[in-house]
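1. pasting the sequence and the predicted coordinates here, then a few questions.
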Amino acid sequence: MLINTNATGTSPARTPRIESNGIIGNITGIQVNTTSTSLASPVRIINNTIAYNTTGLRTATPSGPPVGIHVLNNIFWQNRDSAAGAGNAITAGSPGAMVVGSNLFSSNGPNLTDASDDTSGVGGGFSPSALNPNGDQFGNITGIPAFEDPRDPRPSADGPAVFFNDANFDLTVSSAAIDHAMDSTAPTTDFLYRGRVKIPNRGPSIADIGAFEFSGSGGIAATTGRFKVVGTSLAPVGASAANGAMVDARALTSITVKFSQAIDPTSLSPNDLILYGPGILRTNPARAVRVEMIDPYTARFVLKGKFNNNRNVTMTLATGSVRGEGGRLLTGFTDVFNARTSFPKPKPTPKPRARAAAVTTSAANRFAAAALAQNQVKAPSTSTFKRVLPTVSYQTA
């Protein structure tokens, strides 16, 4: 998106308001150019989801004041070149020309876990090194946006076809963006014209950061993206599936499954989750006997039965076995894990033996001389003294 706000004559330059957009999969998400310090009002970039761009926002503006750009309530996520690692969330041409407040920054720039490289040249008191989960002085936070089904449309990643068929950038219940926007500047509705909703025990605001309101009221129902499994409790941290990973099955009493969209609870049954393979104990097979809803997107399948040690188990949810709230049928899901019911006992660490203190020859001589002087002991022969103090030997001067 290219924005030029260059004034002509004596009239102030007109400025746009960019709000409630998904700006995803570009080399530069938003480019703002202006040569004028006389603007009718600041360029306002508010409540957008800015993701999968090499650079999320780039500006070429005169140094402030006056501040020409307000960047508020946006999610900046995964803005980088995934191959080269270059890029970031914001690159400012001049320091002090923008206000950056109440945004969420996550996994931008070369270092995905360090926010200090998420921006460059912003100035005006803003420092990416100060970004943290609790908020900097301008209300910017770090955290995981937890989208329903994010897809990268760039050709080197998922590609446009997968993006248009599957992508869904709605927030899920664990998102750090929920109730953390600046209410006074947020639009009253989100990208899908859904109203703002306060979620209990979350952030201090009513509006969410980004283009999509979690559990927003009214508006248009999200219809993009397949209804599918996006993660289970068997998967390692950061993965969506176990893919053969070892799982401690000694106390495996349930399997939690997270779906990409809200579940129709009336469609859930323990029989939807099927376990089979050599890792299932034939005389008392592990199986789902009950299912519980954790939140609108997540179900816990309670298990009964046993597993065989160090054998593979296949877990399946068949196509169409579960429905989403919008009536979409589940895309089939299959995963494999290695069930472990026993582990080798660790070998005990041997205790170090205590060493006797060494007695030097000079110390032994002093002891013997003192004893003789006080008539406490008789002068021993060399052989007798060696039996009393076996570590001592005499040398004749």
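-> The structure has been received and is ready for your questions. Numbers count the residues shown, from 1 in each chain.
2. need the helix or strand of this structure with the lowest average pLDDT.
-> Sorting the helices and strands of the chain by mean pLDDT, DSSP states H and E puts helix 382-388 at the bottom, at a mean of 43.
3. quick one, domains of the chain?
-> What automatic domain parsing lists as the domains of the chain is 2-171, 229-340, 360-397.
4. least reliable of these going by mean pLDDT?
-> When the domains of the chain are ranked by mean pLDDT, domain 360-397 comes last with a mean of 49.
5. for T119, list each beta-bridge partner.
-> When assigned by DSSP bridges, T119 has beta-bridge partners I90.
6. tell me the contacts of the residue nearest to the spatial centre of the chain?
-> For the chain, the residue nearest the mean C-alpha position is I144 (5.1 Å; CA atoms, centre = their mean). I144 makes contacts with 106, 174-176, as judged by CB atoms under 8 Å, 6 or more residues apart in numbering. Every residue, glycine included, has its C-beta placed from N, CA and C.
7. would you reformat the domains of the chain as JSON lines and include distance to F191?
-> Listed next are these as JSON lines, based on distance: least, CB to CB, whole Å:
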{"stretch": "domain 2-171", "distance to F191": "5"}
{"stretch": "domain 229-340", "distance to F191": "16"}
{"stretch": "domain 360-397", "distance to F191": "85"}
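8. out of the ones you listed, nearest to N201?
-> With CB to CB as the criterion, N201 lies closest to domain 229-340 of the domains of the chain, at 13.1 Å.
9. from P200, how far out is S184?
-> Distance of S184 to P200, given as CB to CB, to the nearest Å: 22 Å.
10. the two: which is more packed in?
-> In terms of neighbours (other CB atoms under 10 Å), S184 is the more surrounded of S184 and P200; the figures are 9 against 5.
11. what's the burial count for the nearest residue to F147 once chain neighbours are set aside?
-> Leaving out its chain neighbours, the residue that sits closest to F147 by CB to CB, 6 or more residues apart in numbering is F169, at 4.8 Å. A count of neighbours around F169, defined by other CB under 10 Å, yields 23.
12. pretty sure F169 contacts P153?
-> No - counting by CB atoms under 8 Å, F169 stays clear of P153, with 11.5 Å between them.
13. mutual contacts of the two, please.
-> Residues touching both F169 and P153 (CB under 8 Å, 6+ apart): I24.
14. how long is stretch 235-246 end to end?
-> 10 Å (CA to CA, to the nearest Å).
15. sorry, that was for stretch 259-274
-> Stretch 259-274 has an end-to-end distance of 16 Å (criterion: CA to CA).
16. which of the residues in it are buried?
-> Applying a neighbour-count criterion of 16 or more other CB atoms under 10 Å, one finds 259-264, 267-268, 272-273 buried in stretch 259-274.
17. wait, T185 sits on V99?
-> No - counting by CB under 8 Å, T185 stays clear of V99, with 10.3 Å between them.
18. more neighbours, these two?
-> For the pair T185 and V99, the greater number of neighbours falls to V99 (19 against 16), based on other CB under 10 Å.
19. now do A115 against S107, distance only.
-> Taking CB to CB, one finds A115 at 9 Å from S107.
20. between these two, who's got more neighbours?
-> For the pair A115 and S107, the greater number of neighbours falls to A115 (25 against 19), based on other CB under 10 Å.
21. mind listing what the closest residue to N111 other than its chain neighbours touches?
-> Nearest residue to N111, sequence neighbours excluded (CB to CB, 6+ apart): D117, at 5.4 Å. Residues in contact with D117 (CB under 8 Å, 6+ apart) are 88, 108-111, 128.
22. same check on K198?
-> K198 makes contact with 179, 206 under the criterion CB under 8 Å, 6+ apart.
23. doesn't it belong to a strand?
-> No - residue assignment for K198, taken from DSSP: H, G, I helix; E, B strand; the rest coil, gives coil, which places it outside any strand.
24. in the stretch 51-200 of the chain, which spans are helices?
-> Remark: helices of the stretch 51-200 of the chain, listed N- to C-terminal, are 160-166; assignment by DSSP state H, counting those that start in this stretch.
25. ok so, going back, which single one of the contacts of D117 is nearest to K351?
-> The shortest approach to K351 among these belongs to N111, at 44.2 Å (CB to CB).
26. would you mind measuring from the closest one to T28?
-> In this structure, N111 lies at 20 Å from T28, with CB to CB as the measure.
27. go on, H70?
-> Between H70 and T28 the distance is 19 Å, computed by CB to CB.
28. please apply the same query to P352.
-> Spatial separation of P352 from T28 under the definition CB to CB is 63 Å.
29. neighbour count: those two, which is higher?
-> Each of P352 and T28 has its neighbours counted (other CB under 10 Å); T28 has more, 17 against 6.
30. go through stretch 204-213 and flag the buried ones.
-> Here stretch 204-213 shows 205-213 as buried, counting by 16+ other CB under 10 Å.
31. just the pLDDT for G210.
-> 96.
32. mind jotting down where the strands sit in the stretch 251-397 of the chain?
-> For the stretch 251-397 of the chain, the strands identified by DSSP state E, counting those that start in this stretch occupy 254-259, 273-276, 287-295, 298-304, 311-317, 333-340, in order along the chain.
33. which helices and strands does the fifth one pack with?
-> Spelled out, that is strand 311-317. If contacts are counted by 3 or more CB pairs under 8 Å, 6 or more residues apart in numbering; DSSP states H and E, strand 311-317 sits against strand 273-276, strand 333-340.
34. next: the fourth one.
-> Counting contacts by 3+ CB pairs under 8 Å, 6+ apart, the secondary-structure elements packed against strand 298-304 are strand 254-259, strand 287-295.
35. buried sites along that strand?
-> By neighbour count on 16+ other CB under 10 Å, the buried set for strand 298-304 is 298-301, 303.
36. tell me the mean pLDDT for stretch 180-196?
-> For stretch 180-196, mean pLDDT is 94.
37. and that stretch, how far apart are its ends?
-> Stretch 180-196: ends 12 Å apart by CA to CA.
38. may I ask which two of the contacts of D117 are separated the most?
-> The most widely separated members of the contacts of D117 are P110 and P128, with 12.5 Å between them, by CB to CB.
39. ok so, going back, for Q137, which of the strands of the stretch 251-397 of the chain is the nearest?
-> The nearest among those, by CB to CB, is strand 287-295 at 33.1 Å.
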